[in-house]
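Asker: Pasting the sequence and the predicted coordinates here, then a few questions.
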Amino acid sequence: MSVTLNIDSTSVPASRGETLFECAEKAGVHVPTSCFKQGKCRECLVEVLSGMECLSAHTPEELHLQGAYRLSCRARIESAGDIRCVMLKREALRVEDSGALHPSAGGSLDSAIRRNGRQILLDGNVIAEASGPLHGLAVDIGTTTVVMRLLDLETGQIVATQSFENPQRFGGSDVMARIRYDSENKGRLLQRTLLGYMSHAIEAFPCNPQTIYEMVVAGNATMRDLFFGLPVHSIGQRPYRSITEHDVLEGHRTSTALAIEAKLLRLPTHPKARVYGMPLVSGHVGADAAACLLAIDMAREDRTVALMDIGTNTELLVGNRHRIFAASCPAGPAFEGGGVTCGAAAFAGAIEHVHIGDDGTPFIETIGGKSPTGICGSGLIDILSELLRTGCMNSLGRFEQSGSPFELDRKRGVILTENDVSQLAQAKGANLAGVHITLAQYGIDFDQLDVFYLAGGFAKHIDLNAARRIGLIPNLPDEKIQRIGNASIEGAAIALQSVARRRKLEAMVQNVTHVELETDPRFFDYFVEACQYRPVKTNVLQS
């Protein structure tokens, strides 16, 4: 029987009866597991890209999985054919790990964790006796990617950073799909899977996990509440509020911030470590947006600034210390590789830069210089810009060659189709329409902004000229645009190291004006206009 198996871009011989887990082990591919192939921990997730028909039927342990997802310890090879799959836990190469504190954070540390001789204190209360280091963990739970930063709470220095794909992807690629999945399936499967992956990541840090005494968690409202095991159905229906928001409005709590002991989540940190969930702003504008407010030090800002944190759920912030508007755009995962034929996250082999020569030949650069396996966000922006620049595509996203896919690597089948271009246009349109409406409600034009912060994992690496050409960002000069990488993890790190700023943030978010994009009558018009590939006008209100 002839079986061709490729797992995480590694080919490995396979035989009938073997599980994908066993094949991965032969290929040297790490598979996360806590139950050692018993099908109980549900952590050994794999996405089958092709060849599902060659595998055994779903087992009872896999009934929670839909579509192309399987447990690698349960899926066995049953017939000949070509099988291609990827493990969900793949570490990202590009992790922003500079600057634990914003320059204006105040200098001295104000951690909730202190030492008194051998006593370890949390808010002045003894939780342990030890002589080792004091560590804290800042976490950003994105819909697509999870970032974890380990810090020394006595020096403020970053010890290590890890990043991995959010394994909840089997429940859907966007927040609404995961809300629906969590509401329809019992057992908190999304939470359990994420906690299992996070536990492995914590154990892989260069420290004894028992020296981690506090965690600060950021993420959009759905991701944060799923992590803490809260029901999320209320976030998926009007007025789109977390149950913590309802509790605040009903007078049952004073803040949407959360805090529980790590042992309740079965994380391998010190059992009495506090896990602090950053406060939400409003609706889908979650704790990641609140973390961004800390990262840009909005509480001290007198200039008029805007921040766009591009992701599956794009956050928008506009204002200064006197007045802040915020909105959330459900742009979808297209610019993070989701729904695009050859889309990919920022892992080794992903195409990150593209230039089209005079003869139409594409010249590509991949992360790590590896053979191309797909196109990540910065590469998608480059190729769209180059297609426009060379006249291979018009502003409506139509190819000049009768809709034929554009080949970036013919040998490996890496292409961009007109449908991909349409998916990216809709993601771009949702983002930009949100920015238009938020600024319009604030009462200013783009050119009246003093600073436009461009945040998010891939935004740090995009070509600004390419992004302006396709209309992904406002057509502002370079001196007004600041790319700040993952502002959410930065804000979580600040909250981890400063109790005072954490408390000020809890008060500040209650005074943020939430812009509900879906109720604005101009949204559709802005969206249709923004779906076109052309530079953005910066003086819309004046024209």
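Answerer: Yes, it's here.
Asker: Domains in this structure, by residue range?
Answerer: Domain segmentation of the chain under automatic domain parsing yields 3-87, 113-296, 305-332+423-530, 343-413.
Asker: And the shortest one, how far out from the chain middle?
Answerer: Between the centre of domain 343-413 and the centre of its chain there are 23 Å (C-alpha atoms, centre = their mean, to the nearest Å).
Asker: Check the longest one too.
Answerer: Its chain's C-alpha centre and that of domain 113-296 lie 14 Å apart, by C-alpha atoms, centre = their mean.
Asker: going on from the helix or strand harbouring M508, what's the next piece of helix or strand?
Answerer: Using DSSP states H and E, M508 falls within helix 499-508. Downstream of helix 499-508, the next assigned helix or strand under DSSP H and E is strand 513-514.
Asker: pLDDT of that following strand, averaged?
Answerer: The average pLDDT within strand 513-514 is 96.
Asker: Please enumerate residues in contact with the helix or strand just after that strand?
Answerer: Using DSSP H and E, the helix or strand that follows strand 513-514 towards the C-terminus is helix 523-530. Taking contacts as C-beta atoms under 8 Å, 6 or more residues apart in numbering, the residues outside helix 523-530 that touch it are 428-433, 436-437, 471, 517, 536. Every residue, glycine included, has its C-beta placed from N, CA and C.
Asker: Now the phi/psi pair for the spatially closest residue to E245 that is not a sequence neighbour, please.
Answerer: The shortest distance from E245 to any non-neighbouring residue, by C-beta to C-beta, 6 or more residues apart in numbering, is to T256 (5.7 Å). Phi and psi for T256, reported as degrees, to the nearest 10, are phi -80, psi 0.
Asker: what sits against T256?
Answerer: Shown in contact with T256 (C-beta under 8 Å, 6+ apart): 242, 244-245, 247-248, 279-280, 509.
Asker: What does the pLDDT read for it?
Answerer: On the pLDDT scale, T256 gets 98.
Asker: Also A331?
Answerer: We have a pLDDT of 83 for A331.
Asker: With the one 10 residues further on instead?
Answerer: With respect to pLDDT, T341 has a value of 90.
Asker: part of a helix, is it?
Answerer: No. Using DSSP: H, G, I helix; E, B strand; the rest coil, the assignment for T341 is coil, not a helix.
Asker: Of the contacts of helix 523-530, which is the nearest to Y453?
Answerer: Ranked by distance to Y453 (C-beta to C-beta), those are led by N431 at 14.2 Å.
Asker: in whichever strand or helix holds that closest one, what's buried?
Answerer: Here N431, judged by DSSP H and E, is contained in helix 418-442. The neighbour-count check on helix 418-442 (16 or more other C-beta atoms under 10 Å) flags 418, 420-421, 423-442 as buried.
Asker: was I right about L294 contacting G491?
Answerer: Yes. Between L294 and G491 there is a contact at 3.8 Å, judged by C-beta atoms under 8 Å.
Asker: tell me which residues of stretch 199-208 are tucked away?
Answerer: Neighbour-count burial for stretch 199-208, counted by 16+ other C-beta under 10 Å, picks out 199-202, 205, 207.
Asker: Just the ones in helices from those residues, please.
Answerer: 199-202 (DSSP state H).
Asker: I'd like the mean pLDDT over stretch 129-149, please.
Answerer: Mean per-residue pLDDT for stretch 129-149: 95.
Asker: Restrict it to CA atoms and write it as PDB.
Answerer: Output of stretch 129-149 as PDB, limited to C-alpha atoms (Å, rounded to 0.1, in the frame of the first residue of the first chain):
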ATOM      1  CA  GLU A 129       8.100  30.900  51.300                       C
ATOM      2  CA  ALA A 130      11.000  30.600  48.800                       C
ATOM      3  CA  SER A 131      14.300  32.100  47.900                       C
ATOM      4  CA  GLY A 132      14.100  31.800  44.200                       C
ATOM      5  CA  PRO A 133      13.300  34.500  41.600                       C
ATOM      6  CA  LEU A 134      10.000  36.300  41.300                       C
ATOM      7  CA  HIS A 135       8.400  35.800  37.900                       C
ATOM      8  CA  GLY A 136       5.300  37.100  36.300                       C
ATOM      9  CA  LEU A 137       3.600  36.200  33.000                       C
ATOM     10  CA  ALA A 138       1.900  38.600  30.600                       C
ATOM     11  CA  VAL A 139      -0.400  36.900  28.100                       C
ATOM     12  CA  ASP A 140      -2.200  38.100  25.000                       C
ATOM     13  CA  ILE A 141      -4.800  35.600  23.800                       C
ATOM     14  CA  GLY A 142      -5.600  36.500  20.200                       C
ATOM     15  CA  THR A 143      -8.200  34.800  18.100                       C
ATOM     16  CA  THR A 144      -5.400  33.500  15.800                       C
ATOM     17  CA  THR A 145      -2.200  33.700  18.000                       C
ATOM     18  CA  VAL A 146      -1.400  33.400  21.700                       C
ATOM     19  CA  VAL A 147       1.700  35.300  22.900                       C
ATOM     20  CA  MET A 148       3.200  34.800  26.400                       C
ATOM     21  CA  ARG A 149       6.000  36.900  27.900                       C
END
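Asker: List the buried residues in it.
Answerer: Of the residues in stretch 129-149, 130, 133-149 count as buried by neighbour count, 16+ other C-beta under 10 Å.
Asker: for stretch 517-527, same thing?
Answerer: For stretch 517-527, by 16+ other C-beta under 10 Å, it's 517, 520, 523, 526-527.
Asker: Please, where are all the helices along the stretch 101-250 of the chain?
Answerer: In the stretch 101-250 of the chain, helices defined by DSSP state H, counting those that start in this stretch lie at 175-184, 189-204, 221-227, 243-249, listed in chain order.
Asker: among these, which is the most enclosed?
Answerer: helix 221-227 (a mean of 27; mean count of other C-beta atoms under 10 Å).
Asker: Give me the residues contacting that one.
Answerer: Counting by C-beta under 8 Å, 6+ apart, 141-143, 166, 168, 175, 178-179, 182, 190-191, 194-195, 217-219, 231-232, 235, 242-244, 258, 277-278, 280, 283-288 sit against helix 221-227.
Asker: do that again at 6 Å, thanks
Answerer: Outside helix 221-227, the residues that touch it by C-beta atoms under 6 Å, 6 or more residues apart in numbering are 141, 175, 179, 190-191, 232, 235, 242, 277, 280, 284, 286-287.
Asker: With stretch 2-13 instead?
Answerer: For stretch 2-13, using C-beta under 6 Å, 6+ apart, the contacting residues are 14, 23-24, 26-27, 29, 77, 80, 82-87, 373.
Asker: Narrow these to those that are buried.
Answerer: Members of the contacts of stretch 2-13 classed as buried by 16+ other C-beta under 10 Å are 14, 23-24, 27, 29, 77, 83-87, 373.
Asker: of the residues you listed, closest to K37?
Answerer: Using C-beta to C-beta, those come closest to K37 at A24, 11.0 Å.
Asker: Mind putting the buried residues of stretch 199-208 into JSON lines with pLDDT?
Answerer: Output for the buried residues of stretch 199-208, formatted as JSON lines (pLDDT from 0 to 100):
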{"residue": "S199", "pLDDT": "95"}
{"residue": "H200", "pLDDT": "92"}
{"residue": "A201", "pLDDT": "94"}
{"residue": "I202", "pLDDT": "97"}
{"residue": "F205", "pLDDT": "97"}
{"residue": "C207", "pLDDT": "97"}
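Asker: buried residues in stretch 160-174?
Answerer: Neighbour-count burial for stretch 160-174, counted by 16+ other C-beta under 10 Å, picks out 161-174.
Asker: what two of those have the greatest distance between them?
Answerer: T161 and G172 (27.0 Å).
Asker: And for L109, the neighbour number?
Answerer: By other C-beta atoms under 10 Å, 20 other residues sit near L109.
Asker: quick one: contacts for it?
Answerer: Counting by C-beta under 6 Å, 6+ apart, L109 touches 156, 497.
Asker: Do a quick rundown of the strands in the stretch 51-200 of the chain.
Answerer: Shown for the stretch 51-200 of the chain, the strands assigned by DSSP state E, counting those that start in this stretch span residues 69-71, 81-87, 113-116, 119-122, 125-129, 135-141, 145-152, 158-165.
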